[in-house]
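**Q** show me the folded form of this:
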Amino acid sequence: MFSIVHTLLVLVALVALNELCRRSKWLTLAFFFVLPLILSVTLFPRNATAPGSSVNSWFDWAKVYSVLCACLLFTAINYTKLGERNWAKFLAMGILAVNILEAVIRDMQLFFTGDQIGMFGLGQAPIGQFGIYHLMNAIAGILSIVTLSGWHGMRSEKNKSGTDMIWPDMQLLWIIAYDFWNFAYIYNCVPIHAAFGAMVLLACTIPSLLIKKGTWLQARAYTLAGWMMYVMAVTPFIDAPGHYISLPYAPFALILVSGASLALNGAFAFVHFRKVAAKKRLAFGEEVYGLAFAGAGK
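**A** Have a look, this model is predicted:
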């Protein structure tokens, strides 16, 4: 019962964190700059080096600091003239692409070594056996990267409810495909965190659909950074039996989830590149779906 409550509280806390951060520049800086400095010399190293820790790979360190950099960059875009620079917008897109690429590399690493299969009790498999789901999801992640578009259209938007970095060209189908890809990655590589991973994905998808359209990337950075700091700061608590929802871990289920990820990302890639081809002479970073491109083409 506690595992269900804990998992749902992660969702509620992350949605609340996103809402607070979009309303306060100073809270954002305190939470994503000052606090990580303290944790980096206290709890992070201790938990990452503990025997049996779920955050003991290079991926966890790369993930937490890359997403913290994203939070700080997005804050600068929202509150300084940096938001008017195309190179800063490209960097925002680039951080997302690198974030995805980190997981692609980790999936490929485990595909070629088979280590994860042995770690979770399925036996040490020959290279590629059963682990085909890692390869499938890595391909889906690459498709997720190459279909990013329209970062020139990013802008900061202020109103009484907060300040947001808007990416108009970010499509709902891309977000859904990304969510499936990311869940598949967590299920493939850190299965004890799979249910938490679903909550973290919902925590950024819900605000971008129900609170402010176009804010998915900003919400993704705030909520993922919040989760990574939490999981690295209190790893023994999160990993304790009864504190997480344990999902079935079997080759058929892994292939099914990664297959859905590949199918959705493949479907969006087909739609996306057909749209790109129809536009013709589309400049690098120019909007494929947004109004800015439609206006420029008149």
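**Q** in this structure, which helix or strand is least confident?
**A** helix 291-296 (a mean of 40; mean pLDDT, DSSP states H and E).
**Q** low-confidence ranges in the stretch 101-250 of the chain?
**A** In the predicted model of the stretch 101-250 of the chain, residues 114-130 satisfy pLDDT under 70.
**Q** show me where it has strands.
**A** Per DSSP state E, counting those that start in this stretch, the stretch 101-250 of the chain carries strands over the ranges 155-159, 162-166.
**Q** kindly reformat those strands as CSV containing mean neighbour count and distance to Ala278.
**A** Every C-beta, even on glycine, is put in place using the N, C-alpha and C of the backbone. Conversion of the strands of the stretch 101-250 of the chain to CSV gives the following (neighbours: other Cβ atoms under 10 Å; distance: least, Cβ to Cβ, whole Å):
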stretch, mean neighbour count, distance to Ala278
strand 155-159, 13, 25
strand 162-166, 21, 24
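**Q** turn those strands into CSV, columns for distance to Phe31.
**A** As requested, those are arranged in CSV below (distance: least, Cβ to Cβ, whole Å):
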stretch, distance to Phe31
strand 155-159, 19
strand 162-166, 15
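**Q** of those, which is nearest Met93?
**A** strand 162-166 (11.4 Å; Cβ to Cβ).
**Q** got the angle for that closest one vs strand 155-159?
**A** 160 degrees (axes from the mean of the first three to the mean of the last three Cα atoms, to 10 degrees).
**Q** so what's Tyr249 closest to, chain neighbours aside?
**A** Pro191 (4.8 Å; Cβ to Cβ, 6 or more residues apart in numbering).
**Q** next, count neighbours for the one you found.
**A** Pro191 has 21 neighbours, counted by other Cβ atoms under 10 Å.
**Q** on that earlier part again, of all the strands of the stretch 101-250 of the chain, which lies closest to Ser3?
**A** strand 162-166 (32.6 Å).
**Q** output the closest one as PDB, nothing but the C-alphas.
**A** Once non-C-alpha atoms are left out, strand 162-166 reads as follows in PDB (Å, rounded to 0.1, in the frame of the first residue of the first chain):
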ATOM      1  CA  GLY A 162       3.900  32.600 -14.300                       C
ATOM      2  CA  THR A 163       6.700  32.800 -16.900                       C
ATOM      3  CA  ASP A 164       7.100  30.000 -19.400                       C
ATOM      4  CA  MET A 165       9.400  28.900 -22.200                       C
ATOM      5  CA  ILE A 166       7.100  28.000 -25.000                       C
END
